[in-house]
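> Would you be able to build a 3D model of this:
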Amino acid sequence: MHVHFIAIGGSAMHNLAIALHRKGYTITGSDDEIFEPSRSRLAACNILPPAQGWDASRITPQLDAVILGMHAKSDNPELLKASELGIKIFSYPEYLYEQSKNKKRVVIGGSHGKTTITAMILHVLQKAAIDCDYMVGAQLDGFDVMVRLTEDAPVMIIEGDEYLTSPIDLRPKFHLYKPDIALLSGIAWDHINVFPTFENYTDQFVIFINQVSAGGSLIYCSDDTELKRICPGLRADISIIPYTTLPHEIRDGVTYVVQGSHHFQLQVFGRHNLMNLNGARLVCNQLGIGDLTFFEAIGSFKGASKRLEKIAENGSRTVYKDFAHAPSKVKATLQAVSEQFPERKVIACLELHTYSSLNQEFLGQYRGSLDPADIAIVYFSPHALRLKRLPEITEEQVKEGFGKAGMEVYTDPGELKKALFREKNPGTVLLMMSSGNYDGIDLKELGLRWVGLWPD
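Presented below is the predicted three-dimensional model:
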């Protein structure tokens, strides 16, 4: 098989390209920009495009398929040439389904927690030596790629994103996977640039539930108001299984799951992660893994990349980074840190980076999300607003949206760093939350400097 990737440099796209290359396919690709780590990883497999940019001459009748990434536009010259030649064009979700249609498919969806839940399941399956294919949205310890595709694995674990599939297919990605086992972690309005109302956004999850295979299973978080309203009576032909937070204790900054007389120590923490863990447990039960095996395996799970990831510590000061950007994720992440370290001062720094978060009409959704912080800071980049072609927002509008007394707002990375380094007290936790990079701030260096461990 010869497969060509249009926009091969994307996070999911380049991982799928590597997975197919490892499967023995001939892979070519193109993109108008390829950043690290995609560039180095593609080069290591000898499938990095020889030059950047689009070139219709790369599309020939000898291609078996073209996979189209979301980064490409509908008028892309390679896409137009492929359409003209009648070559089969897939989005990457379509191609994942194509590769897994004869396997048992487990799809993890929801507005928050899906990467972590998927990672927890994969961690336990690996510990239990159960073979599976997968697609997950973050780099995981013990896994060298984010996509694995084989002929023999009987199960595929898929993180089911609700964002759009491709420039020519405006369905949410998770509508294409047709799960046998589905999990939904929660519904909190996001992606308002494509789902303009909460009702429209919620409808996408109803469609997803209706695509679960007859006789399959739906596992859902019963603490979520919308899921509790939607799930119980929607399907009579599938098993519907609710979950909530596991019983737990926090001792000396360490969280333990309590199961009868057994206490299982965890490396992750936070009420949302205890909820995620319970959902992962129920999925693993569906795959034949008992609770004891699950809890013994999950104790070594350190978390997915950028999900409450500790980046620096000196004994009295600690720095975490987290991918949190939507209101529900910000609230859950900050609450987790505050509950884990009740005696310590917490500084929460959030970057507004997505289309939704930089939209003036959406800012009110963040109200109260930073309230548990002792010091709350929000950063946004006017440059990001221009790139996304969004109307300008002001610092006062941001403050009004969050409603947090004394909250500081910055638009310059240098001024932001000065503000962070004003805090000198020991016993402080700094939480950096963003799906971006604060206009180029190296968080590893910042964290080590903040705790006094950077080698000057």
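> what residues does stretch 131-149 touch?
By Cβ atoms under 8 Å, 6 or more residues apart in numbering, the residues outside stretch 131-149 that reach it are 11-12, 15-16, 18-20, 22-23, 96, 99-100, 103, 114-115, 118-119, 122-123, 125-126, 150, 152-159, 161, 302, 304-307, 323. Yep, even glycine has a C-beta here, placed from its N, CA and C like the rest.
> Which of these fall within strands?
Secondary structure assignment by DSSP state E places 155-159 of the contacts of stretch 131-149 in strands.
> Out of these, which comes closest to C349?
C349 has its nearest neighbour among the ones in strands among the contacts of stretch 131-149 in E159, at 26.5 Å by Cβ to Cβ.
> any idea how far M146 is from H14?
Distance from H14 to M146, counting by Cβ to Cβ, to the nearest Å: 9 Å.
> the more surrounded of those two?
H14 (28 against 22; other Cβ atoms under 10 Å).
> residue contacts, the more buried one?
5, 8, 34, 38, 41-42.
> Among those residues, which pair sits farthest apart?
F5 and R41 (13.3 Å).
> Between the two, which is the more surrounded one?
F5 (29 against 17).
> Which parts of the stretch 101-250 of the chain are strands?
With DSSP state E, counting those that start in this stretch as the criterion, the stretch 101-250 of the chain has strands at 104-109, 133-135, 147-148, 155-159, 164-166, 169-172, 181-184, 217-221, 239-243, 248-251.
> again but with the stretch 251-400 of the chain, I slipped
Under DSSP E, counting those that start in this stretch, the stretch 251-400 of the chain gives strands at 254-259, 262-265, 309-313, 317-322, 345-352, 375-380.
> so which of those strands gets nearest A51?
Nearest of the strands of the stretch 251-400 of the chain (Cβ to Cβ): strand 345-352, 33.1 Å.
> what comes into contact with the closest one?
Under Cβ under 8 Å, 6+ apart, the answer for strand 345-352 is 324-325, 330, 334, 337-338, 358, 370, 372-381, 398, 416, 420, 423, 425, 427-436, 438.
> Please pick the buried ones from those residues.
Buried subset of the contacts of strand 345-352 (neighbour count, 16 or more other Cβ atoms under 10 Å): 324-325, 330, 334, 337-338, 358, 370, 372-373, 375-381, 398, 416, 420, 428-436, 438.
> And the one helix or strand L80 maps to, what does it pack against?
Under DSSP states H and E, the secondary-structure element containing L80 is helix 77-85. If you count contacts as 3 or more Cβ pairs under 8 Å, 6 or more residues apart in numbering; DSSP states H and E, helix 77-85 packs onto strand 2-6, strand 65-68, strand 89-91.
> before we move on, back to that, using JSON lines, lay out the strands of the stretch 101-250 of the chain together with mean neighbour count and mean pLDDT.
Below are those laid out as JSON lines (neighbours: other Cβ atoms under 10 Å; pLDDT from 0 to 100):
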{"stretch": "strand 104-109", "mean neighbour count": "26", "mean pLDDT": "98"}
{"stretch": "strand 133-135", "mean neighbour count": "25", "mean pLDDT": "97"}
{"stretch": "strand 147-148", "mean neighbour count": "22", "mean pLDDT": "94"}
{"stretch": "strand 155-159", "mean neighbour count": "25", "mean pLDDT": "98"}
{"stretch": "strand 164-166", "mean neighbour count": "21", "mean pLDDT": "91"}
{"stretch": "strand 169-172", "mean neighbour count": "16", "mean pLDDT": "93"}
{"stretch": "strand 181-184", "mean neighbour count": "27", "mean pLDDT": "98"}
{"stretch": "strand 217-221", "mean neighbour count": "25", "mean pLDDT": "98"}
{"stretch": "strand 239-243", "mean neighbour count": "17", "mean pLDDT": "98"}
{"stretch": "strand 248-251", "mean neighbour count": "12", "mean pLDDT": "91"}
